[in-house]
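>>> When you get a sec, could you give me coordinates for this:
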Amino acid sequence: MTYRRIFLIVLDSVGAGAMPDAGDYGDAGADTLGHISQAVEKLSLPHLQKLGLGNLHPMDKVPPIQRPLARYGKLRERSAGKDTMTGHWEMMGLLTTEPFQTFTDTGFPPELIRELERRTGREIIGNKAASGTEILEELGEEEVERGKLIVYTSADSVLQICGNEETMGLETLYRYCEQARQLTLRPQWRVGRVIARPYVGRKRGEFKRTSNRRDYALAPPAPTVLDALKQAGLEVTGVGKIGDIFSGQGLTRSLHSDSSVQGMEQTIALAGEGFTGLCFVNLVDFDALWGHRRNPVGYAKELEAFDGKLGLLMEKLGEGDLCFSPRTTATTPPTPAPTTPGRKSPCWPGPRAGTFPGPWKSRTPSPCWGPPSPKTSGWSCPRTASGTPFWRSSPNKNRGTSQNLESPGGCS
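Okay, here's the model as predicted:
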């Protein structure tokens, strides 16, 4: 099977139940879709429902239908860990056998903090696992008024630095993050990402994070499918934080998104172009705005907004297009927690597309959607260095049927 264009759209943190090893990650019982549906009075997802979302996973507000348009299934991650990079890399053919270092329970070592203070010239405060919005309420005034520097982490392998755009400035914040990235390349302090967390406001109740976030990620340790596509002369466009996750490696174009809504608008615009290749999209607001804050109402509204944009995108898909949407996993509102649990993803392919196994980030299953595969000309699924196809579905080719999908990637 060959395709002219593939659209891979990641809904960051949307999961469908727990994987068998979820307990090993402290994520037993995680079920984002199920819990969101239970927590809100209304949830209207007509396009996802038509594709088979209610058939894939029990949801109070999204019942199953008799003839879903899509093929669908639940995906299992093979890599060790539940970090953003671990899952995205696995989707592109790289398995992570050793999880990245985390400092969730202890904070960062004193030696690292002292060296970062020396290089930045600022006293560091925080140094713990925390919600980004909550730590701003707790320490933002101290950073603004006394010139200190907020550093914190999460359940992921990340070192995050807050900076007020009005008093510190973006370029200064980015420079501090570059210094932190250099330090955390050392084996004993090695983290997957250093993240710049800019915000505005001068006092409690006014602080608000901005869209000028920047991720300083480790580069993939080996070539990925993105590299294979680029080397073959195909276009590879990253939308949202894809460019950061892969350190730009394998991309021919990278588009920054101020929000998940804008990310979908960019994707719809790209669908109107006549490119040949891959459009790889990450929609982070589900996790960043609602999941970490345990806000099921906001999360449900974000799902509804996505569903509306999805309908517009589906209108632009034609013969030779494959569109699927594995979801990273999985916050479980309204459970209180400062970080993202889970690790299993749902998967739907929609009208005129195929199915893709690619869960990541947390220990819950991820969904993916896309249409039944057309017989078209274009480009066929590349293989990774290990010989694994990029996309592979189960032998069952009938649309509207559940499929068990396991693999770092592949297609039939």
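>>> got the phi/psi numbers for the nearest residue to residue 296 once chain neighbours are set aside?
Spatial nearest neighbour of residue 296, chain neighbours left out: residue 39 (3.7 Å); criterion: C-beta to C-beta, 6 or more residues apart in numbering. The way it works is simple: take the backbone N, C-alpha and C, and place the C-beta from them, glycine included. Phi and psi for residue 39, reported as degrees, to the nearest 10, are phi -80, psi -20.
>>> Surely residue 139 touches residue 124?
No: counting by C-beta atoms under 8 Å, residue 139 stays clear of residue 124, with 10.5 Å between them.
>>> Spell out which residues are contacts of both of those two.
148, 150 (C-beta atoms under 8 Å, 6 or more residues apart in numbering).
>>> The closest residue to residue 37 other than its chain neighbours and residue 305: what is the separation?
Using C-beta to C-beta, 6+ apart and skipping the chain neighbours, the partner closest in space to residue 37 is residue 59 (4.0 Å). According to C-beta to C-beta, to the nearest Å, residue 59 and residue 305 sit 17 Å apart.
>>> So for those two, which residue has more residues nearby?
The residue with more neighbours, out of residue 59 and residue 305, is residue 59; 22 against 16, by other C-beta atoms under 10 Å.
>>> what's near enough to touch that one?
33-34, 37, 43, 53.
>>> any idea how far it is from residue 52?
12 Å.
>>> Rounded mean pLDDT for stretch 127-144, please.
Mean per-residue pLDDT for stretch 127-144: 95.
>>> Adjust the sequence numbering to begin at 41 for everything that follows.
New numbering, starting at 41: the last item is stretch 167-184.
>>> Now it - C-alpha only, PDB.
What follows is stretch 167-184, C-alpha atoms only, in PDB (Å, rounded to 0.1, in the frame of the first residue of the first chain):
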ATOM      1  CA  ASN A 167      13.700  22.400  42.800                       C
ATOM      2  CA  LYS A 168      10.800  19.900  43.200                       C
ATOM      3  CA  ALA A 169       8.200  18.100  41.100                       C
ATOM      4  CA  ALA A 170       5.300  20.500  40.700                       C
ATOM      5  CA  SER A 171       2.500  21.700  38.500                       C
ATOM      6  CA  GLY A 172       3.800  24.600  36.300                       C
ATOM      7  CA  THR A 173       0.800  26.800  37.200                       C
ATOM      8  CA  GLU A 174       0.900  26.000  40.900                       C
ATOM      9  CA  ILE A 175       4.600  26.700  41.200                       C
ATOM     10  CA  LEU A 176       4.100  30.100  39.600                       C
ATOM     11  CA  GLU A 177       1.400  31.000  42.200                       C
ATOM     12  CA  GLU A 178       3.800  29.800  44.900                       C
ATOM     13  CA  LEU A 179       7.100  31.400  43.800                       C
ATOM     14  CA  GLY A 180       6.400  33.800  40.900                       C
ATOM     15  CA  GLU A 181       6.400  36.900  43.100                       C
ATOM     16  CA  GLU A 182       9.700  35.900  44.600                       C
ATOM     17  CA  GLU A 183      11.300  35.400  41.200                       C
ATOM     18  CA  VAL A 184       9.900  38.700  39.900                       C
END
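>>> Please enumerate residues in contact with that stretch?
By C-beta under 8 Å, 6+ apart, stretch 167-184 touches 143-145, 147-148, 153, 165-166, 188-195, 200, 202, 204, 207-208, 237, 239, 241-245, 247, 249, 328, 332-333, 378-379.
>>> so of those, which ones are in helices?
With helices taken from DSSP state H, the overlap with those comprises residue 153.
>>> Please name every helix or strand in contact with the helix or strand hosting residue 215.
Applying DSSP states H and E as the criterion places residue 215 in helix 210-223. Packed against helix 210-223 by the contact rule (3 or more C-beta pairs under 8 Å, 6 or more residues apart in numbering; DSSP states H and E) you find helix 150-160, strand 198-204, strand 233-240, strand 254-257.
>>> Now with 6 Å, please.
helix 150-160, strand 198-204, strand 233-240 (3 or more C-beta pairs under 6 Å, 6 or more residues apart in numbering; DSSP states H and E).
>>> Name every strand pairing with the shortest one and say which way it goes.
Listed by DSSP bridges, the sheet partners of strand 198-204 and their directions read strand 189-193 (antiparallel), strand 233-240 (parallel).
>>> Which of the contacts of residue 99 has the largest number of neighbours?
Busiest of the contacts of residue 99 [other C-beta under 10 Å] is residue 73, holding 31 neighbours.
>>> Helix, strand, or coil at that one?
helix (DSSP: H, G, I helix; E, B strand; the rest coil).
>>> isn't it right up against residue 97?
Yes: if you go by C-beta atoms under 6 Å, residue 73 and residue 97 touch, sitting 5.5 Å apart.
>>> shared neighbours of these two, which are they?
residue 56 (C-beta atoms under 6 Å, 6 or more residues apart in numbering).
>>> so where do the strands sit in the stretch 41-190 of the chain?
42-43, 45-51, 112-116, 164-169, 189-193 (DSSP state E, counting those that start in this stretch).
>>> Which strands or helices does the third one pack on?
Packed against strand 112-116 by the contact rule (3+ C-beta pairs under 6 Å, 6+ apart) you find strand 385-387, strand 442-446.
>>> swap the cut-off to 10 Å and go again
helix 93-96, strand 385-387, strand 442-446 (3 or more C-beta pairs under 10 Å, 6 or more residues apart in numbering; DSSP states H and E).
>>> burial of residue 167, as a residue count?
Quick note: residue 167 (other C-beta under 10 Å) scores 20 neighbours.
>>> Just give the nearest non-adjacent residue to it, would you?
residue 147 (4.3 Å).
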